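Colleague: what's the 3D shape of this:
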Amino acid sequence: MPTASKTFISTIAVLIIVPIFAACGYRPLSKSYELPGIKGSEPLAVYMPMWANATNEFGLETNVYNKVADWLQGSEHILLKKKASEAEYVLTGTISSLDLTSSRGTVRLTVRYSLENQNTGKTVWPETSNTFSKSYLITEDAFTTSSERQKALAEISDDLGEKIYIRFMNTMVEISKTQNDQTNKISQ
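Modeller: Coordinates of the predicted model:
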């Protein structure tokens, strides 16, 4: 097969495959939001217990926990630990409320989370409350409507995971800068 044909076929394959992955929501997490200033720094060891769920939505805490964990594990700068004793930081979260205004096709989820440094006992992030909302399709078929609502909740969980991930990256830059400043003061 001539080289031009191989190049053409390769180009067509890339043009087809990349949009398919993008449509599925695929993204290389570890490279999504990496910030300068943290290269070469030690990864943060983080313990995250299962989120508390103050709503009646069964399994919501697992879905939220998994999405947040997916985002955090996507970074080479964060190590999720299975035990609190192995971690320097503890991220706790609570699902405070879930509002399903199904007549309008909107779901609103309110969560609270905080981050504490176990070594110092200091709260790095005071308890933060965020409310996320997404619209979903209401149909005459209850099963389809329920499925659409679950998709909206999954999108909210993903948005929350991304928000926490970005905050971690910014926090790591601050921690790295503070450590470098302290090292420079000691060496002077």
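Colleague: For the nearest residue to Val64 once chain neighbours are set aside, grab the count of nearby residues.
Modeller: Setting aside the residues directly before and after it, Val64 is nearest to Ser157 in space (CB to CB, 6 or more residues apart in numbering), at 4.8 Å. Every residue, glycine included, has its C-beta placed from N, CA and C. Per other CB atoms under 10 Å, the neighbour tally for Ser157 reads 24.
Colleague: what sits against Ser157?
Modeller: When contacts are counted by CB atoms under 8 Å, 6 or more residues apart in numbering, Ser157 touches 63-64, 66-68.
Colleague: distance of it from Ile175?
Modeller: Plainly put, Ser157 is 26 Å away from Ile175 if you go by CB to CB, to the nearest Å.
Colleague: cool, and Gln118?
Modeller: Distance from Gln118 to Ile175, by CB to CB: 14 Å.
Colleague: Between these two, which has more neighbouring residues?
Modeller: For Gln118 versus Ile175, neighbours defined as other CB under 10 Å are more numerous around Ile175 (18 against 14).
Colleague: Look up phi and psi at that one.
Modeller: phi -60, psi -40 (degrees, to the nearest 10).
Colleague: thinking again about what came up before, show the buried residues in the contacts of Ser157.
Modeller: Buried members of the contacts of Ser157, scored by 16 or more other CB atoms under 10 Å, are 63-64, 67-68.
Colleague: Inside strands: which ones of those?
Modeller: Among the buried ones among the contacts of Ser157, DSSP state E puts none in strands.
Colleague: and the helix or strand that contains the residue nearest to Val64, how far out from the chain's middle?
Modeller: Per DSSP states H and E: Ser157 is located in helix 142-187. Centroid separation for helix 142-187 versus its chain: 5 Å, with CA atoms, centre = their mean, to the nearest Å.
Colleague: which sections of this structure are below the confidence cut-off?
Modeller: Scanning the chain for pLDDT under 70 picks out 1-41, 102-103, 179-185, 187-188.
Colleague: What segments of it are strands?
Modeller: Going by DSSP E, the chain shows strands at 44-47, 52-53, 78-81, 89-101, 106-117, 123-135.
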